[in-house]
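Colleague: Need coordinates for the below:
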Amino acid sequence: MKCPFCGRENTRVIDSRPTDDNNSIRRRRLCDACGKRFTTYEKVETIPLIVIKKDNKREPYDRSKIEAGVLRACYKRPVSANQINQLVDEVETGIFNLEESEIPSSVIGEMVMDKLKDLEAVAYVRFASVYREFKDVNTFMSELEKMMDR
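Modeller: The predicted structure is shown next:
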């Protein structure tokens, strides 16, 4: 590993531990040449995932789109940033556990709704209303009735 300060390649690992989410390794390194310390992160390289949209267009998977949708659904709701990150991590893990190279956006949407249903009811209904494209009040009410029956 090249030192970001002096550019020399003689660095060594002085501490190694998993990150909080257990998805990568944090390594503290020391440059033998200049004596400065720096941190690197090692993450498993995944196969590029393609999302198939409703109109059959294909685009690369983008975690930030899931985060943005969940953030909008949870706006002004008693849901912490940590809970949102955990939900997105769980959905992402579920997606990659399918071990598919292409995944329909509908599968991702259903995964998000399943997680939101357990996390916060209002956020779930908000997400569902956009995701399922509720056309009128009756559609909205039928979804609420389904939730009330549970």
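Colleague: mind listing the strands in this protein by residue range?
Modeller: Secondary structure of the chain (DSSP state E): strands located at 11-18, 24-31, 37-43, 50-52, 58-60, 102-104.
Colleague: For this protein, which residues score under the pLDDT cut-off?
Modeller: 45-47, 134-136, 140, 147, 150 (pLDDT under 70).
Colleague: Residue ranges of each domain in it, please.
Modeller: 11-43, 50-149 (automatic domain parsing).
Colleague: can you pull out the helices in this structure?
Modeller: 63-73, 81-97, 105-119, 121-131, 137-149 (DSSP state H).
Colleague: how far away is the residue lying farthest from the centre of the chain from Met1?
Modeller: In the chain, the residue that sits farthest from the middle, by C-alpha atoms, centre = their mean, is Ala33; the gap is 38.7 Å. Per C-beta to C-beta, to the nearest Å, Ala33 is found 12 Å from Met1. Using the backbone N, CA and C atoms, a C-beta is placed for each residue, glycine as well.
Colleague: Leaving out chain neighbours, which residue sits closest to Ile25?
Modeller: Glu42 (4.4 Å; C-beta to C-beta, 6 or more residues apart in numbering).
Colleague: For the one you found, the count of nearby residues, please.
Modeller: 11 (other C-beta atoms under 10 Å).
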